[in-house]
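A.B. asks: Fold the following for me, if possible:
(chains A and B)
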2 protein chains.
Amino acid sequence: MISIDYTNVLNNFLKDDEGLSLQNILNLQEQASNFIDSLSDKDKYHFIYILDNPVDEYFEIANYVRENFKYFVLIGIGGSSLGTEMLAQSLLDYYYNFKGSIRFFILDNIDPDKVKHTLNNIEIDKTLFYVVSKSGKTVETVVNFSIVLEKLKKVKPNSWQNHFIFATENKDNFLNNFGKKHSIKIFYIPETVGGRFSVLTTVGLLPSAVLGIDIKELIEGAKYIRDKFLNVRNILGNPFLLLGSVYFLLDTLKNKNILVMMPYSDKLSSFVSWFQQLWAESLGKERMGQTPVKSLGTLDQHSQFQLYMDGKRDKIITFINILERDTDIPIPENIPEDLSFLKGNSLNQILHKEYIGIKQSLTEKGVPNLSINLDRLNPFNMGKLILTFEIATAFTGYLYGINPFNQPAVEIGKKKVYKLLMKKDYQIYDSKDFLLSF
Amino acid sequence: MISIDYTNVLNNFLKDDEGLSLQNILNLQEQASNFIDSLSDKDKYHFIYILDNPVDEYFEIANYVRENFKYFVLIGIGGSSLGTEMLAQSLLDYYYNFKGSIRFFILDNIDPDKVKHTLNNIEIDKTLFYVVSKSGKTVETVVNFSIVLEKLKKVKPNSWQNHFIFATENKDNFLNNFGKKHSIKIFYIPETVGGRFSVLTTVGLLPSAVLGIDIKELIEGAKYIRDKFLNVRNILGNPFLLLGSVYFLLDTLKNKNILVMMPYSDKLSSFVSWFQQLWAESLGKERMGQTPVKSLGTLDQHSQFQLYMDGKRDKIITFINILERDTDIPIPENIPEDLSFLKGNSLNQILHKEYIGIKQSLTEKGVPNLSINLDRLNPFNMGKLILTFEIATAFTGYLYGINPFNQPAVEIGKKKVYKLLMKKDYQIYDSKDFLLSF
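C.D. replies: Numbers count the residues shown, from 1 in each chain, chains lettered A, B, ... in the order given. So this is what the prediction gives:
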């Protein structure tokens, strides 16, 4: 079960009129209803309907990979990596790439330090590389691919093809063409599902299956949200309508241009990175959109909390709690006497109490905050959480009146980068006039 | 060498009057001069003067730890962990805790998943725990300490004391009292240096020495900044005055309440976490202070860039580049034909070109941006960078007219949490009236 506790975004509970009234939320009812109607467009909202696709093939591939390889490396960036990273971190052992029957790494960035050290940590002749790029030509991905290809050809001159699986669009693009030419297994990413909405397609499902994550449960969780709420028009009774409304209203009525996402779980840290892309790339348009900020409880109580409490009133804080954990650690019975105030608690209980203390402090200072409570961190709940936030993001875009599914600015940046890549010379400084060297 | 390129915060280069004029900066000259005068207060600015303390003892301890233990675990959170994490990540192999003569882990949070998995990854009887808490009673730190203590007493009933080194204030507090009682080696953190300014004290220096980081060079880099610029009053000629002025002015004149820090280096990702605490906890006061946001090039080109380009005009972007790296990887000569546009580049050059393309795109859209270029990522430059940002933060606080060295809101939160810890019952929900469960 998941619950959303929105008490502390309401003015009845917050100081200084920094929150919302229930009426503010209810005023969006007509737009919410219209949005619900629009969800029947199966092309536009393909990410919702793709959940019905069969997943059995992923289990076959997963078995093949686990039986034949020792390392599994995802080459991909942004929408091609963040979803898988979220699932691996939230649902596997915290140090999953230290051990396990198959060790998993991600090559996203092209920082030579990281690339070199990652390649030093694997045995390339025992590695399966899953190369993911929707466009089939993402610079970082093809760069890392080309480096790995060169090394593989040296150690496996006749069978390097077997060390790759590709995922891309079925179009005329580098990955698809190269894969077909060399008989590399290719999974196709549906054209109508954008990268940041693609974690529940082959992009995230195949690697999750390889890593032993129960992808059927994951899909079931997402389907639960779809089947239960796709026709629920009541904002206060529908999680994605409620979340979208609250964030939109706090931004537009109360100037909260910063959305802090603060799980009390290290394992949800990559969930926040995934959410950041979803939110920023979908809604950062036409001079609108909140900035999503990654935070972590309790760590950021010792880093960012001063700012949240006493800084500008420009933030909405979203907490995420895990109510029960598979693992919990009790405070030892014979703890040193001076620490006896800790007795009777477990780590999870201390996390809860710290969360409550922090939440109450913020509320008393007039900082709106929202809590999302997961009864357990498991594939079913992750599926629910993912689809809830995906649709909430689409709804927020609907409220802003922008298209949440494109990314025009990214394309501008990419064009500039492509041009520069073909040039020999470049100048790192803009000018020498406004340069201070020391 | 480090250079700060501030061309693109200036209106001559930015669209729509979103930047500053040189005159805006020069108008702060008198305040800058007064701030320079104030720096002679050796108590208030103790973090600058502590650089003269001898460091030889750390080398002795480091040798002892490396000879007698296989694992080194820092127990500490916030200012007790972020600085060390920054130094380890920026100056060691990227996967430093996978291998090496001594393997290093940090226990900061009390998430039971992470604590359990971390303890599973070490052999406790071969581990030295460095327990760091300035107050000597930080909840997370004493909790993790108590769990480790219990386990150690079982496997080393007569010599568990030898597995600990403490760092705390020399006051009546739990860690100091317990350490003295059991003859545990204690290093003292100077009272007048706050946690977030303490990385160049025993807090960060001892673990760095254990990990083989050249702490003399680190200190030399910090001293270079101090000795060269402590009396330089010219804003445009002094890196910490320049940085503080630019951030302060963009916030107060141009409503840039978000400071994005975006290194093009995975190894500087923890530098940003360290900076976030420094900035947020020092300046988030009296309804002032920018929110520091962690970003990473090129990864966030595929996640946050759309928002930076087309979202609200509420951001200043700070890039950090590494001009030359110890490691670089050239694009292979016999790359697939379709990728021939990449030929002649190395990974580092591609990173530079992506940075340039992104910077130019932002500048054309009127998004102010500042670049910090390090010729190399080494201890000397890290020392320079650390002290520059520490003094820049203090100067920015001076401009806001607030005390950058306290954290009153954190203390309020801590009190609330202490009270809750002593209670048996707690209620995770605020009310059932505004709760949506699904």
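A.B. asks: Touching, residue A:260 and residue A:316? I think so.
C.D. replies: Yes - taking contact to mean CB atoms under 8 Å, the distance of 7.1 Å between residue A:260 and residue A:316 places them in contact. (C-beta placed from N, C-alpha, C; glycine too.)
A.B. asks: Dihedrals phi and psi, residue A:176?
C.D. replies: Dihedral angles phi and psi of residue A:176 (degrees, to the nearest 10) take the values phi -60, psi -50.
A.B. asks: Tell me how far it lies from chain B.
C.D. replies: Noted for residue A:176: a distance of 11 Å to chain B, by CB to the nearest CB, to the nearest Å.
A.B. asks: What pLDDT is listed against that residue?
C.D. replies: According to the model's per-residue confidence, residue A:176 sits at a pLDDT of 98.
A.B. asks: In contact with it, which residues are there?
C.D. replies: Residues in contact with residue A:176, defined by CB atoms under 8 Å, 6 or more residues apart in numbering or on different chains, are A:136, A:166, A:168-170, A:186.
A.B. asks: Ok, residue A:18 next?
C.D. replies: The contact partners of residue A:18, taken as CB under 8 Å, 6+ apart, are A:11, A:254, A:313, A:366-368.
A.B. asks: if we go to 10 Å?
C.D. replies: Under the criterion of CB atoms under 10 Å, 6 or more residues apart in numbering or on different chains, the contact list for residue A:18 reads A:9, A:11, A:250, A:254-256, A:313, A:316, A:365-368.
A.B. asks: Phi, psi for it please.
C.D. replies: Reported as degrees, to the nearest 10, the phi and psi values for residue A:18 are phi -90, psi 0.
A.B. asks: Against residue A:10, how distant is it?
C.D. replies: 10 Å (CB to CB, to the nearest Å).
A.B. asks: Overlap of the contact sets of the two?
C.D. replies: Residues touching both residue A:18 and residue A:10 by CB under 10 Å, 6+ apart: residue A:368.
A.B. asks: ranges for the strands of chain A?
C.D. replies: Counting by DSSP state E, chain A has these strands, from start to end: A:2-5, A:71-75, A:103-107, A:127-132, A:164-168, A:185-188, A:258-263, A:291-294, A:315-322, A:369-374, A:435-437.
A.B. asks: Mind putting the ones you listed into CSV with mean neighbour count and mean pLDDT?
C.D. replies: Listed next are the strands of chain A as CSV, based on neighbours: other CB atoms under 10 Å in any protein chain shown; pLDDT from 0 to 100:
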stretch, mean neighbour count, mean pLDDT
strand A:2-5, 21, 98
strand A:71-75, 24, 98
strand A:103-107, 21, 96
strand A:127-132, 26, 98
strand A:164-168, 25, 98
strand A:185-188, 17, 98
strand A:258-263, 25, 98
strand A:291-294, 24, 98
strand A:315-322, 24, 98
strand A:369-374, 23, 98
strand A:435-437, 15, 97
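A.B. asks: mind checking which of these is nearest residue B:308?
C.D. replies: Nearest of the strands of chain A to residue B:308, taken as CB to CB: strand A:291-294 at 9.0 Å.
A.B. asks: now check that closest one, is it near chain B?
C.D. replies: Yes - contact of strand A:291-294 with chain B (CB under 10 Å from any CB of the partner chain) involves A:291-294.
A.B. asks: Stretch A:271-282 too?
C.D. replies: Yes - shown here: stretch A:271-282 in contact with chain B (CB under 10 Å from any CB) through A:273-274, A:276-282.
A.B. asks: from what I can see residue A:394 touches residue A:44, true?
C.D. replies: Yes - applying CB atoms under 10 Å, one finds residue A:394 in contact with residue A:44, separated by 8.9 Å.
A.B. asks: ok, the spatially most central residue of chain A - contacts?
C.D. replies: Nearest to the mean C-alpha position of chain A, counting by CA atoms, centre = their mean, stands residue A:274 at 1.5 Å. For residue A:274, the contact set (CB under 10 Å, 6+ apart) comprises A:79, A:81-87, A:89-90, A:196, A:199, A:204, A:268, A:386, A:389, B:303.
A.B. asks: if you set the cut-off to 8 Å instead, what comes out?
C.D. replies: Taking CB under 8 Å, 6+ apart as the criterion, residue A:274 is in contact with A:82-83, A:85-86, A:199.
A.B. asks: how much space between residue A:268 and chain B?
C.D. replies: Computed with CB to the nearest CB, the distance linking residue A:268 and chain B is 9 Å.
A.B. asks: from memory that residue sits against residue A:319, does it?
C.D. replies: No - at 10.7 Å, residue A:268 and residue A:319 do not qualify as touching, with contact defined as CB under 8 Å.
A.B. asks: What's the local residue count around the closest residue to residue A:171 other than its chain neighbours?
C.D. replies: Once flanking residues are discounted, residue A:171 sits nearest to residue A:136: 6.9 Å by CB to CB, 6 or more residues apart in numbering or on different chains. Residue A:136 is surrounded by 26 other residues when neighbours are defined as other CB atoms under 10 Å in any protein chain shown.
A.B. asks: Now do the same for residue A:136: its pLDDT.
C.D. replies: Looking at residue A:136, its pLDDT is 97.
A.B. asks: residue contacts, it?
C.D. replies: Applying CB under 8 Å, 6+ apart to residue A:136 gives the contacts A:168-169, A:171, A:173-177.
A.B. asks: Name the nearest of these relative to chain B.
C.D. replies: For chain B, the nearest member of the contacts of residue A:136 is residue A:174. The distance, counting by CB to the nearest CB, is 4.8 Å.
A.B. asks: ok, now how distant is the closest one from residue B:56?
C.D. replies: Plainly put, residue A:174 is 57 Å away from residue B:56 if you go by CB to CB.
A.B. asks: Between those two, which has more neighbouring residues?
C.D. replies: Neighbours per residue, other CB under 10 Å: of residue A:174 and residue B:56, the larger number sits with residue A:174, 20 against 8.
A.B. asks: thinking again about what came up before, what's the overlap in contacts for residue A:394 and residue A:44?
C.D. replies: Contact with both residue A:394 and residue A:44 is made by residues residue A:405, according to CB under 8 Å, 6+ apart.
A.B. asks: what about those two, which has more around it?
C.D. replies: Between residue A:394 and residue A:44, counted using other CB under 10 Å, residue A:394 has the larger neighbour count: 25 against 14.
A.B. asks: isn't that one right up against residue A:45?
C.D. replies: Yes - between residue A:394 and residue A:45 there is a contact under CB under 8 Å: 7.0 Å.
A.B. asks: Which residues are in contact with residue A:188?
C.D. replies: Contact partners of residue A:188, counting by CB under 8 Å, 6+ apart, are A:167-170, A:202.
A.B. asks: Tabulate these in a markdown table, adding columns for distance to chain B.
C.D. replies: Converted to a markdown table, these look like this (distance: CB to the nearest CB, whole Å):
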| residue | distance to chain B |
| --- | --- |
| A:167 | 16 |
| A:168 | 13 |
| A:169 | 15 |
| A:170 | 17 |
| A:202 | 18 |
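A.B. asks: can I get those residues in a markdown table with distance to residue A:51?
C.D. replies: What follows is the contacts of residue A:188, written out as a markdown table (distance: CB to CB, whole Å):
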| residue | distance to residue A:51 |
| --- | --- |
| A:167 | 18 |
| A:168 | 21 |
| A:169 | 20 |
| A:170 | 20 |
| A:202 | 13 |
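A.B. asks: Near chain B, which residues of the stretch 51-200 of chain A? Just list them.
C.D. replies: Counting by CB under 8 Å from any CB of the partner chain, the stretch 51-200 of chain A comes close to chain B at A:77-79, A:82, A:93-95, A:98, A:108-118, A:120-121, A:138-140, A:142-143, A:146-147, A:149-150, A:174, A:177-178, A:195.
A.B. asks: Repeat the analysis, applying 7 Å as the threshold.
C.D. replies: Proximity of the stretch 51-200 of chain A to chain B is assessed by CB under 7 Å from any CB of the partner chain, with A:77-79, A:82, A:93-95, A:98, A:108-117, A:121, A:140, A:142-143, A:146-147, A:150, A:174, A:177-178 identified as the residues in range.
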